[in-house]
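Participant: Return atomic coordinates for the entry below.
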Amino acid sequence: MKKILLYSLLVLVLSVMSCNEDLIDIENPNFPTTDTFWKTPDDAQLGLDAAYTMFYKPGSWSRWIYFRFDLTSDEGYSQSPWNELKEWTRFIYFNYNFWEGNRWMWRDHYKAIFRCNQVLDYVPEIEFSSQADKDVILAQAKFLRSLYYYNLVLMFDNVPLVLNASQPDDTPEQSTAAQVYAQIKTDLQEAADDLPEQWNAANLGRPTKGAALALLGKVHMQMHEWQEAKDALSWLVEGAGAVHYDLVDNYKDNFMHTTENNKESVFEIQFSDVNPRGDGDVPNQNVGSNRAQFFAPRGIGWSDGQPRRWLVDEYKKEQTVDGAIDPRLRASIFYPELQSDFPGEKIYGGDWRDGWGADCFFRKYQGDYYRNHEDYYSPINFRVIRYADVLLLYAECLAELSSGTPPALAVELVDRVRERVGLPTLANSTLYVSALDSKEAFLKRLQMERSLELCLEGVRWADLKRWGLWDSQDGLNELISRDADFTNFVVGKSSRMPLPQTEVDNNPNLDQNPMY
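Facilitator: As a prediction, this is how the structure comes out:
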């Protein structure tokens, strides 16, 4: 009897369902689609905020990007027991599908671009009471898309240029680095036209006009378009935007969570430790930075990345006008003689440990005290673009556009950065006055000035790529003298990573990068 009733009930249910197909098509109100979302200005803002959340994914600014831009440059290296990670930072790619390297960064960057593309596809059709409000949402999406494409082209060179919200079966065409840069330039110029010069306190961390122009200048410089780069950067240095920026008095204030969004910050990622839980694709993920945990000294963090000792030695070559060691060293690197060089200095609240030997460790963006692995969710904002970077870039443009001796303004800008930390001007330097003798000598000195000011801040890889030091054996030998990992560098190959092989296999329009 029970079986008959059960079968009868089943037939009844199936009969009802077959008679009313609408029951099958009921929309889940908790799962918006492109047809039900993208209707109001609030939807537009939520869609844009979804693009911002990609900052907190491991393949983005939360974790792995630092391994590429810091450790693969001549400023850093890895002694990680995780052999595949270590080899990946040494230009040794056994696995083109290395998840924590190529694939995760590729995936999260393109997820971010997809979210930006959704905003740019759908928001223009939404009715706003203010066109200016719509324009500034679109401008932010263009900036964010540009930032992610800038990272991709620095890492891979030849990547698909996807400008609309993609579908699962898309097989986008491969583009050259020049083609990607061209689109980035278009997006950034349009973004700069509509972004505000400053945001109110509730919106700190969103890109400004200055951030868009600074990134635009960087892109032009990577393409050796010196005049165009100067034109973009001039608004921040000599133009109306200069009133918004300056160097902070204390260099270390650029790397602390108590002095964030200061006048030296052009664009920074907003991190917080208020939500110390999972990352990746989990709901309600943390919004902190994993950098401190991965780079802290052994026994405190995992020490998967470390700075090269040559940086310490370079800082010590020139004293301040008061006869002291360059204070940027104290703020940048933990090293064996730190506490004798700077009495009272501590390493996470303690002293140098015997087990650390002669090694050096990251100081920038590290905590001042041990937090029992809470630094896995560090609250310290990462300054993607600092004003000091802009000043030195502008000096480089001025010098590249000159002949003979470097222009006075170029020298003045370098001196401005040096004098902030108490170093003498180049003209009064007992070591580097020869940098004023010619354009070539000035540009060569500027390479080191940039490292001393910006080391371990994710800019060195772009610098090396722009300068092309690895394009000749002499330049490569210079890099090898500072970083033995460059003995693995292959000219014409290693300036870019291999594309994830799964992407090449699944997309007939993708070719693996040359020589891989």
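Participant: Contacts only, for Leu152.
Facilitator: 106, 109, 159, 180 (Cβ atoms under 8 Å, 6 or more residues apart in numbering). Heads up, the C-betas are built off the backbone N, CA and C, glycines and all.
Participant: per-residue confidence for Leu14?
Facilitator: Model confidence at Leu14, given as pLDDT, is 33.
Participant: Repeat that for Val282.
Facilitator: pLDDT, read off for Val282, is 82.
Participant: now it: how far from Ile113?
Facilitator: According to Cβ to Cβ, to the nearest Å, Val282 and Ile113 sit 22 Å apart.
Participant: likewise Val237?
Facilitator: Counting by Cβ to Cβ, the gap from Val237 to Ile113 is 30 Å.
Participant: now do Gly299
Facilitator: In terms of Cβ to Cβ, Gly299 sits 39 Å off from Ile113.
Participant: same question, Lys364
Facilitator: 28 Å.
Participant: Please say which of these two ends up with more neighbours.
Facilitator: Ile113 (27 against 23; other Cβ atoms under 10 Å).
Participant: Need the phi and psi values for the more buried one.
Facilitator: Backbone torsions of Ile113, given as degrees, to the nearest 10, read phi -60, psi -40.
Participant: any idea of the pLDDT on it?
Facilitator: Confidence score, pLDDT, at Ile113: 98.
Participant: Let me see the contact set for it.
Facilitator: Taking Cβ under 8 Å, 6+ apart, one finds 145, 148-149, 162 in contact with Ile113.
Participant: ok, now with 10 Å
Facilitator: Contact analysis of Ile113 by Cβ atoms under 10 Å, 6 or more residues apart in numbering lists 51, 54, 141, 144-149, 152, 159-163, 165-166.
Participant: Kindly report the same for Pro407.
Facilitator: 395, 398-399, 401, 413, 439, 442.
Participant: low-scoring stretches of the stretch 351-500 of the chain, by residue?
Facilitator: Applying pLDDT under 70 to the stretch 351-500 of the chain flags residues 372-374.
Participant: let's see 80
Facilitator: For the stretch 351-500 of the chain, the stretches with pLDDT under 80 are 370-374.
Participant: mind listing the strands for it?
Facilitator: 361-362, 382-386 (DSSP state E, counting those that start in this stretch).
Participant: Using CSV, lay out the ones you listed together with distance to Phe31 and mean neighbour count.
Facilitator: Below are the strands of the stretch 351-500 of the chain laid out as CSV (distance: least, Cβ to Cβ, whole Å; neighbours: other Cβ atoms under 10 Å):
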stretch, distance to Phe31, mean neighbour count
strand 361-362, 42, 24
strand 382-386, 33, 24
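Participant: looking at those, which is closest to Trp461?
Facilitator: Distance to Trp461, taken as Cβ to Cβ, is lowest for strand 382-386 among the strands of the stretch 351-500 of the chain, at 13.7 Å.
Participant: so how far is the closest one from its chain's centroid?
Facilitator: 8 Å (Cα atoms, centre = their mean, to the nearest Å).
Participant: That one pairs with which strands, parallel or anti?
Facilitator: strand 265-269 (antiparallel) (DSSP bridges).
Participant: where does the nearest residue to Arg277 once chain neighbours are set aside fall, phi/psi-wise?
Facilitator: Take Arg277 and drop its neighbours on the chain: the residue closest to it by Cβ to Cβ, 6 or more residues apart in numbering is Asn286, 5.5 Å away. When read as degrees, to the nearest 10, the backbone of Asn286 gives phi -70, psi 160.
Participant: mind checking pLDDT for Asn286?
Facilitator: pLDDT recorded at Asn286 is 90.
Participant: The one 10 residues further on too?
Facilitator: Model confidence at Ala296, expressed as pLDDT, equals 95.
Participant: Hmm, Gly367 and it touching each other?
Facilitator: Yes: under the criterion of Cβ atoms under 10 Å, Ala296 makes contact with Gly367 at 7.8 Å.
Participant: tell me, what's touching these two both at once?
Facilitator: 348, 375, 378.
Participant: so the second one touches Asn286, yeah?
Facilitator: In this case it means Asp375. No: at 11.9 Å, Asp375 does not count as touching Asn286 under the criterion of Cβ under 10 Å.
Participant: Which one's more surrounded, the two?
Facilitator: Neighbours were tallied for Asp375 and for Asn286 using other Cβ under 10 Å; the higher tally belongs to Asp375 (27 against 22).
Participant: so what's Lys39 up against?
Facilitator: By Cβ under 10 Å, 6+ apart, the contact list for Lys39 reads 32, 122, 125-127.
Participant: Looking at those, which has the smallest pLDDT value?
Facilitator: For these, the pLDDT minimum is Pro32, 80.
Participant: Mark which of the contacts of Ile113 are buried, thanks.
Facilitator: Applying 16 or more other Cβ atoms under 10 Å to the contacts of Ile113, the neighbour count classes 51, 54, 141, 144-149, 152, 159-162, 165-166 as buried.
Participant: Return the member of the shared contacts of Ala296 and Gly367 nearest to Ser80.
Facilitator: Asp375 (17.2 Å).
Participant: Which residue is the nearest non-sequential neighbour of the closest one?
Facilitator: Ala292 (4.0 Å).
Participant: which secondary structure element contains that neighbour?
Facilitator: For Ala292, the host element (DSSP states H and E) is helix 291-295.
Participant: Point out the other elements, helices or strands, that that helix touches.
Facilitator: helix 65-66, strand 361-362 (3 or more Cβ pairs under 10 Å, 6 or more residues apart in numbering; DSSP states H and E).
Participant: could I get those as JSON lines with distance to Leu452?
Facilitator: Output for the helices and strands packed on helix 291-295, formatted as JSON lines (distance: least, Cβ to Cβ, whole Å):
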{"stretch": "helix 65-66", "distance to Leu452": "19"}
{"stretch": "strand 361-362", "distance to Leu452": "16"}
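Participant: wait, which of the ones you listed is closest to Tyr251?
Facilitator: Closest approach to Tyr251 among the helices and strands packed on helix 291-295 is made by strand 361-362 (15.7 Å; Cβ to Cβ).
Participant: Identify all contacting residues around the next helix or strand after the helix holding Ala292.
Facilitator: Downstream of helix 291-295, the first helix or strand assigned by DSSP H and E is strand 306-307. For strand 306-307, contacts defined as Cβ under 10 Å, 6+ apart pick out 70-71, 75-80, 295, 297-298, 332-335, 359-364, 455-456.
Participant: Repeat the analysis, applying 6 Å as the threshold.
Facilitator: Residues from elsewhere that reach strand 306-307, judged by Cβ atoms under 6 Å, 6 or more residues apart in numbering: 76, 333, 360-361, 456.
Participant: And for stretch 345-359?
Facilitator: Contacts for stretch 345-359 (Cβ under 6 Å, 6+ apart): 300, 334, 336, 338-339, 369-370.
Participant: From Ala435, how far out is Trp356?
Facilitator: Distance, Trp356 to Ala435, using Cβ to Cβ: 35 Å.
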